[in-house]
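K.L.:
Sharing a model prediction with you, sequence too.
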Amino acid sequence: MYNQDNKDNNRLAAVEAILADFGMGMQELRKAQAETDRQFVEQMKQSKAEFADQMKQSKAEFAEQMKQSKVEFADQMKQSKAEFAEQMKQSKAASDADMKELRASIKQVSRQMGGMANSNGDMAQDYFFNTLYKRKTLFGQNFDEVKTEKRKIKKTGIEVQYDIMLINGKSVCIVEVKYKADTDDVRMIPDIKDKFRQNYPEHADKKLYLALASMSFDDYVEAECKKLGIAMIKQVGDTIKIYDEHMKVF
């Protein structure tokens, strides 16, 4: 019996020792955990501070980079603007030179064309004047005088000129000469009659006929002549042909 109690006591003491050791182990574990937690918190604080410093530094570096980039961009824009202005200046100079050359070419062509037009006009004038001067007959009438008429009106100081004027005792025929007639030429002819009566009072009581002589007539010109009662004198081969069926006496 005594031995049994001794065994039980020994077991209890062993258990108590184990529990005491366990308690001490748990206490040590809690201390270790507390230290670990403290260190973790400290590391987190330090990391947060370091991160804040890094962000602050990065923000400052970014701001500096942006500032530098802005300055560089402004310099580039200034340089590009200067280069563009220089290019525009050079382009304008080249364009002005081209325009000057073009105007000179146009002027030369216009001069040549004007010379050709004057030459053609003179040729038509000489041809019709010489032909009518030789025949002196128009519309079944014989004319005593065929001339190119030019007169300066004293009252107005204006000089009037008629390409060809045919005159007899009863009639006057005024012929307008064109190398290639157009409808505007035809429409101007009727204005002759009123001015003629004023500028040539010595022929005021005579019949007045109006005619258009041209090396070329198109359908519109012919229609306008017929409408206004203006005779047409055309070149046909080596001679002229007169169309006066529609002619009016003015």
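P.N.:
Arrived safely.
K.L.:
hey, let's count contacts and neighbours off CA atoms from now on
P.N.:
Noted.
K.L.:
Show me which helix runs longest in this structure.
P.N.:
When the chain is scanned for its longest helix (criterion: DSSP state H), the result is helix 2-135.
K.L.:
could you say what helices and strands the helix or strand following that one packs with?
P.N.:
Downstream of helix 2-135, the first helix or strand assigned by DSSP states H and E is strand 137-138. The helices and strands touching strand 137-138, judged by 3 or more CA pairs under 8 Å, 6 or more residues apart in numbering; DSSP states H and E, number zero.
K.L.:
Note down every partner strand of strand 137-138 and its orientation.
P.N.:
Paired neighbours of strand 137-138 in the sheet (DSSP bridges): strand 141-142 (antiparallel).
K.L.:
State the next helix or strand along the chain beyond the partner strand.
P.N.:
strand 145-152.
K.L.:
what's across from residue 177 in the sheet?
P.N.:
Bridge pairing for residue 177 - DSSP bridges - gives residue 213.
K.L.:
tell me how far the longest helix of the chain is from the chain's mean position?
P.N.:
Centroid separation for helix 2-135 versus its chain: 38 Å, with CA atoms, centre = their mean, to the nearest Å.
K.L.:
Tell me what angle it forms with strand 145-152.
P.N.:
120 degrees (axes from the mean of the first three to the mean of the last three CA atoms, to 10 degrees).
K.L.:
where in this protein is pLDDT low?
P.N.:
By pLDDT under 70, the low-scoring segments of the chain are 1-5, 98-118.
K.L.:
Counting by contacts, list what the longest helix of the chain packs against.
P.N.:
strand 145-152, strand 171-178.
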